[in-house]
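Colleague: No sequence on hand, only this structure:
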Ligand SMILES: [Zn+2]
């Protein structure tokens, strides 16, 4: 999780929303990434997706199910629906989330749990502080992230 936090901090330094993710398979880090949405303009550039892309780039030609089957995703924020979908699709078995205080969960946790994934939630103050600092400079974005109306999955 320390590495994921470092990714989030790096993202914040680049003026992105500070979320970082690390993928671990068989005890080894196979991919890392942070949210680059603001930097790239690509709305799918979330930390988890960037980490998946990084792992795929490092292992060209490997089938995604082989690459991610049984993997663990360490991420500093609860995955959104899109990222949860990718995590489910590629056969991850566990997601470890640094904190859930800065984002109204869109229903992704029960979605992942229903698919048999283990979801472990912590309370990493460092990650909370990174997001709170970002919100102070981006109050409109905070409203969006804390809104319960935001594309909530009905499960
Ligand atoms: Zn996402």
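Modeller: Yep, it's here. This is a predicted model, so every value here is computed, not measured.

Colleague: State the phi and psi torsions of the residue sitting furthest away from the middle of the chain.
Modeller: Computed with C-alpha atoms, centre = their mean, the residue of the chain farthest from its C-alpha average is residue 61, at 24.0 Å. Dihedral pair for residue 61: phi 90, psi -10, per degrees, to the nearest 10.

Colleague: give the contact list for residue 42.
Modeller: By C-beta atoms under 8 Å, 6 or more residues apart in numbering, residue 42 lies in contact with residue 36. C-betas here are computed from N, CA, C, even on glycine.

Colleague: ok, now how distant is it from the ion?
Modeller: Note on residue 42: its distance to the ion, by C-beta to the ion, to the nearest Å, is 12 Å.

Colleague: Then residue 96?
Modeller: Using C-beta to the ion, residue 96 is found at 15 Å from the ion.

Colleague: Which residues of this protein lie near the ion?
Modeller: Residues of the chain found near the ion (C-beta under 5 Å from the ion) are 46, 80, 82, 83.

Colleague: would a markdown table of the residues you listed with neighbour count and secondary structure be doable?
Modeller: Below are the residues of the chain next to the ion laid out as a markdown table (neighbours: other C-beta atoms under 10 Å; DSSP: H, G, I helix; E, B strand; the rest coil):
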| residue | neighbour count | secondary structure |
| --- | --- | --- |
| 46 | 25 | coil |
| 80 | 20 | coil |
| 82 | 16 | helix |
| 83 | 26 | helix |
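
Colleague: Tell me the one of those nearest residue 18?
Modeller: residue 46 (12.0 Å; C-beta to C-beta).

Colleague: List the contacts of residue 90.
Modeller: With contact set as C-beta under 8 Å, 6+ apart, residue 90 has these partners: 52, 64, 65, 67, 68, 69, 71.

Colleague: shouldn't the fifth one be in contact with residue 25?
Modeller: Right, the one you point to is residue 68. Yes - applying C-beta atoms under 8 Å, one finds residue 68 in contact with residue 25, separated by 7.3 Å.

Colleague: These two: which is more packed in?
Modeller: A direct count of neighbours by other C-beta atoms under 10 Å for residue 68 and residue 25 places residue 68 higher, at 26 against 19.

Colleague: Tell me how far that one lies from the ion.
Modeller: Separation of residue 68 from the ion (C-beta to the ion) stands at 16 Å.
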